[in-house]
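Colleague: Model the structure of this input:
(2 chains)
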Amino acid sequence: MACNKEAIKLMHQYLDDELSTDDKSKLQAHLKSCTSCQQHYQELKKTNTYMKSMDQINVPHDFTRNVMNNLPKEPKRVGYKRWMKTHPIVTAAAIFFVLMFAGLSSVWNGNSQLTVSKQKDLVIENNTVTVPEGVTVDGDLVVKNGDLIIEGTVKGDVVLINGKLISDQKSSDPYLAAAIGGELKQIDQIFDWVWYNIKKSINDVFSFKVNTIYTLHALV
Amino acid sequence: MENAIKQKIKQVKKGDQAAFADVVSFYQNKVYQICYRMIGNVHEAEDLAQEAFIRAFVNIQSFDDNRKFSTWLYRIATNLTIDRIRKKKPDYYLDADVKGTDGLDMYSQLASDQKLPEEEVESLELQSYIQTEIMMLPPKYRSVIVLRYLDELSLLEISEVLDIPIGTVKTRIHRGRESLRKRLRHM
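Modeller: Presented below is the predicted three-dimensional model:
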């Protein structure tokens, strides 16, 4: 029975469609000459046939419905996560806006120091800026986080950010109006402030263009 | 069909739970078959098949679209079933009902000198006899034999489903088949 081990291996390989033509003929030749191997081979064939004759069994008809009813309801958090994955641009835009407003409000709230646009002869006490009598401010005057008293004159615009214009007893309203050559703007709200900045930058760009055009005209 | 299923799975991944129903009804019999032939009990098989589909649904995001869905699903099902077999105590009682038969108990599996006349009953008996013999195999041979014969998977697919080298698949099929031969040769 020395043939057995080798031949049986070949039989299994044959049943698994794993045998080369050479080995197939080798196995066939051996089976013809060896009755015990022949017997073994027949038994294996029979096993194969039995196994393949096994009926396909079917699931109960409500199986799919049962599975669907038992699926976990997905938590909302997962839903958001997936939505963000599938809409990356919207997510990026949302994050951008959140960060922008956070940055903006921290700039608005965080910077409470008094700042005044650089003009000569202004008197600064505590949180109050005074344009003394007899003093004329040629350009615009911007005061941030502070109040303003005008006793002299301002030729340009006056912008008050987070502060107010104090009129003392001496100065009545008509006098004040006369003292400011340009507009008076008071900005107390963040949106006003944002709007002011936007307007300012647009104006800057615009006036720059106009200036350039004039200059070009002058050159021509 | 494979493409239609791929499409459905993409929908499921995007959160369309209803699309999963089509996936289930397409694979349910295959999965149930694998579980039943390995565990040998219709109720447990149904339970395992259901669990396999639920796990597939929960972990659908980890399924790689470039691979075959059936391979992935069968792996979940066989792993679950093998785990269940390991946890189970051996349960062969002679008076226990043979599952899948109506009122046959294990006594009917013993060699009897009376021959049953009706062919139908014989066929039923043969089926459950073979099933019993499959159940006698150690689980690691059982899974390979079930995938090979009941689902007619290729050796390569079996090696992918069970995550074992193809050489191991071959050895286990040979040994499993040898063991079945010894039990079935007198039939």
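Colleague: got the residues of chain A near chain B?
Modeller: A:8-9, A:12-13, A:15-16, A:18, A:40, A:43-44, A:46-48, A:50-60, A:63-64, A:66-68, A:70-72, A:74, A:79, A:82, A:86 (C-beta under 8 Å from any C-beta of the partner chain). From N, CA and C alone the C-beta is placed, and that goes for glycine too.
Colleague: change it to 7 Å
Modeller: Residues of chain A lying close to chain B (C-beta under 7 Å from any C-beta of the partner chain) are A:12, A:16, A:43-44, A:46-47, A:50-52, A:54-60, A:63-64, A:66-68, A:70-72, A:79, A:82, A:86.
Colleague: In helices, which of those fall?
Modeller: A:12, A:43-44, A:46-47, A:50-52, A:63-64, A:66-68, A:70, A:79, A:82, A:86 (DSSP state H).
Colleague: Please pick the buried ones from those residues.
Modeller: By neighbour count, with 16 or more other C-beta atoms under 10 Å in any protein chain shown, these hold A:12, A:43-44, A:47, A:50-51, A:63-64, A:67-68 as buried.
Colleague: so can I have a markdown table of the residues you listed showing distance to A:Val116 and pLDDT?
Modeller: As requested, those are arranged in a markdown table below (distance: C-beta to C-beta, whole Å; pLDDT from 0 to 100):
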| residue | distance to A:Val116 | pLDDT |
| --- | --- | --- |
| A:His12 | 97 | 89 |
| A:Glu43 | 106 | 90 |
| A:Leu44 | 102 | 90 |
| A:Thr47 | 101 | 89 |
| A:Tyr50 | 101 | 86 |
| A:Met51 | 96 | 87 |
| A:Phe63 | 80 | 91 |
| A:Thr64 | 76 | 90 |
| A:Val67 | 74 | 90 |
| A:Met68 | 71 | 90 |
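Colleague: what two of the residues you listed are the furthest from one another?
Modeller: Greatest spacing in those, by C-beta to C-beta: A:Glu43 and A:Met68 (45.8 Å).
Colleague: Give me the domain ranges for chain A.
Modeller: Domain ranges of chain A: A:3-49, A:115-188, A:193-220, per automatic domain parsing.
Colleague: mean pLDDT for these: which is lowest?
Modeller: Lowest mean pLDDT within the domains of chain A: domain A:193-220, at a mean of 66.
Colleague: How is A:Val159 assigned, secondary-structure-wise?
Modeller: Three-state assignment for A:Val159 (DSSP: H, G, I helix; E, B strand; the rest coil): strand.
Colleague: Quick check: it touching A:Val142?
Modeller: Yes: contact criterion C-beta atoms under 7 Å: A:Val159 and A:Val142 qualify, at 4.5 Å.
Colleague: picking that back up, out of the domains of chain A, which comes closest to B:Ile9?
Modeller: Closest to B:Ile9 of those, according to C-beta to C-beta: domain A:3-49, at 30.8 Å.
Colleague: how close does the spatially most central residue of chain A get to B:Lys8?
Modeller: In chain A, the residue lying closest to the centroid (C-alpha atoms, centre = their mean) is A:Ala92, at 2.1 Å. A:Ala92 sits 30 Å away from B:Lys8, taking C-beta to C-beta, to the nearest Å as the criterion.
Colleague: ditto for B:Glu152
Modeller: B:Glu152 is 23 Å from B:Lys8, by C-beta to C-beta.
Colleague: what does A:Thr86 give?
Modeller: On the measure of C-beta to C-beta, A:Thr86 and B:Lys8 end up 17 Å apart.
Colleague: follow-up on the earlier one: what about B:Glu152 and B:Lys8, which has more around it?
Modeller: Neighbour tally, B:Glu152 and B:Lys8, criterion other C-beta atoms under 10 Å in any protein chain shown: the higher count belongs to B:Lys8, 20 against 9.
Colleague: contacting residues for the more buried one?
Modeller: Contacts for B:Lys8 (C-beta atoms under 7 Å, 6 or more residues apart in numbering or on different chains) come out as B:19, B:22-23.
Colleague: Now tabulate the residues you listed in JSON lines and tack on secondary structure and distance to chain A.
Modeller: Output for the contacts of B:Lys8, formatted as JSON lines (DSSP: H, G, I helix; E, B strand; the rest coil; distance: C-beta to the nearest C-beta, whole Å):
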{"residue": "B:Ala19", "secondary structure": "helix", "distance to chain A": "11"}
{"residue": "B:Asp22", "secondary structure": "helix", "distance to chain A": "9"}
{"residue": "B:Val23", "secondary structure": "helix", "distance to chain A": "9"}
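Colleague: Which single one of these is nearest to A:His30?
Modeller: Among the contacts of B:Lys8, and counting by C-beta to C-beta, the member closest to A:His30 is B:Val23, at 48.2 Å.
Colleague: Over to the residue in chain A sticking out farthest from the centre: give its phi and psi.
Modeller: Most distant from the centre of chain A: A:Ser33, at 78.6 Å, with distances by C-alpha atoms, centre = their mean. With angles defined as degrees, to the nearest 10, A:Ser33 sits at phi -90, psi -20.
Colleague: What of A:Val123?
Modeller: Reported as degrees, to the nearest 10, the phi and psi values for A:Val123 are phi -110, psi 120.
Colleague: tally of neighbours for A:Leu184?
Modeller: 16.
Colleague: May I have the beta-bridge partners of it?
Modeller: Residues in a beta bridge with A:Leu184, per DSSP bridges, are A:Val158.
Colleague: what separates it from chain B, distance-wise?
Modeller: 57 Å (C-beta to the nearest C-beta, to the nearest Å).
Colleague: wait, isn't that residue in contact with A:Val158?
Modeller: Yes: counting by C-beta under 7 Å, A:Leu184 touches A:Val158, with 4.9 Å between them.
Colleague: How is chain B partitioned into domains?
Modeller: Domain segmentation of chain B under automatic domain parsing yields B:1-88, B:137-187.
Colleague: buried stuff in the helix or strand bottoming out on mean pLDDT in chain B?
Modeller: Every helix and strand of chain B was ranked by mean pLDDT, DSSP states H and E. The lowest is helix B:119-136, at a mean of 78. Under the neighbour-count criterion of 16+ other C-beta under 10 Å, helix B:119-136 has B:124-125, B:127-131, B:133-135 buried.
Colleague: Excluding sequence neighbours, find me the nearest residue to B:Lys30.
Modeller: Computed as C-beta to C-beta, 6 or more residues apart in numbering or on different chains, the closest residue to B:Lys30 that is not its neighbour in sequence is B:Asp151, at 6.3 Å.
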